[in-house]
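Participant: Got a sequence here, can you build the structure:
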Amino acid sequence: MEAEGAQGQGLRLAVVPGGCSGYEYSMVFAEAPAEGDHVFEVDGLSVFVAGDSVDKLSGTVLDFVDGLYGAGLQFRNPHAAHSCGCGSSFSTE
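Facilitator: Numbers count the residues shown, from 1 in each chain. Okay, the predicted model is just below:
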């Protein structure tokens, strides 16, 4: 957040159409939730989940992983039935 000048902002999560499997995750810093967003507080971080994405994100775990192939965020989404070969998009059934 500091590197992007977003101190004090929240993290907005959404599922948007895109990628080769149908859906992609969208993550942006936002000063306030958009209309219809669901608001959560996680360890002092405000998380805004787009209202139209709640059903596709329910039960999802967002984790930071650091392994042999690099470090980054990983989504473990119980609604993702398939993902593309590069892992950047998913589909639901």
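Participant: use CA for all of it now, contacts and neighbours both
Facilitator: Noted.
Participant: Could you double-check that residue 14 lies in contact with residue 25?
Facilitator: Yes: using CA atoms under 8 Å, residue 14 is in contact with residue 25, at 5.9 Å.
Participant: Give me the more crowded residue out of these two.
Facilitator: Taking other CA atoms under 10 Å, residue 14 and residue 25 do not tie; residue 14 has more neighbours (20 against 17).
Participant: Quick one: the helices in this protein, in order.
Facilitator: Listed in chain order, the helices of the chain (DSSP state H) span residues 54-57.
Participant: ranges for the strands of it?
Facilitator: Using DSSP state E, the strands of the chain run over 10-18, 22-30, 38-42, 45-49, 61-67, 70-76, 82-83, 90-91.
Participant: so can I have JSON lines of those strands showing mean pLDDT?
Facilitator: Compiled in JSON lines, the strands of the chain are given as follows (pLDDT from 0 to 100):
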{"stretch": "strand 10-18", "mean pLDDT": "94"}
{"stretch": "strand 22-30", "mean pLDDT": "93"}
{"stretch": "strand 38-42", "mean pLDDT": "94"}
{"stretch": "strand 45-49", "mean pLDDT": "95"}
{"stretch": "strand 61-67", "mean pLDDT": "89"}
{"stretch": "strand 70-76", "mean pLDDT": "86"}
{"stretch": "strand 82-83", "mean pLDDT": "84"}
{"stretch": "strand 90-91", "mean pLDDT": "86"}
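Participant: Relative to residue 1, which of those is closest?
Facilitator: strand 22-30 (7.8 Å; CA to CA).
Participant: would you put the C-alpha positions of that closest one in PDB?
Facilitator: Backbone C-alpha positions of strand 22-30 (Å, rounded to 0.1, in the frame of the first residue of the first chain) are rendered in PDB as follows:
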ATOM      1  CA  GLY A  22     -14.200 -16.900 -18.200                       C
ATOM      2  CA  TYR A  23     -13.400 -15.000 -15.000                       C
ATOM      3  CA  GLU A  24     -10.500 -13.100 -13.500                       C
ATOM      4  CA  TYR A  25      -9.900 -11.600 -10.000                       C
ATOM      5  CA  SER A  26      -9.700  -7.800  -9.700                       C
ATOM      6  CA  MET A  27      -7.900  -6.300  -6.800                       C
ATOM      7  CA  VAL A  28      -7.500  -2.500  -6.400                       C
ATOM      8  CA  PHE A  29      -7.000  -0.100  -3.500                       C
ATOM      9  CA  ALA A  30     -10.000   2.100  -2.900                       C
END
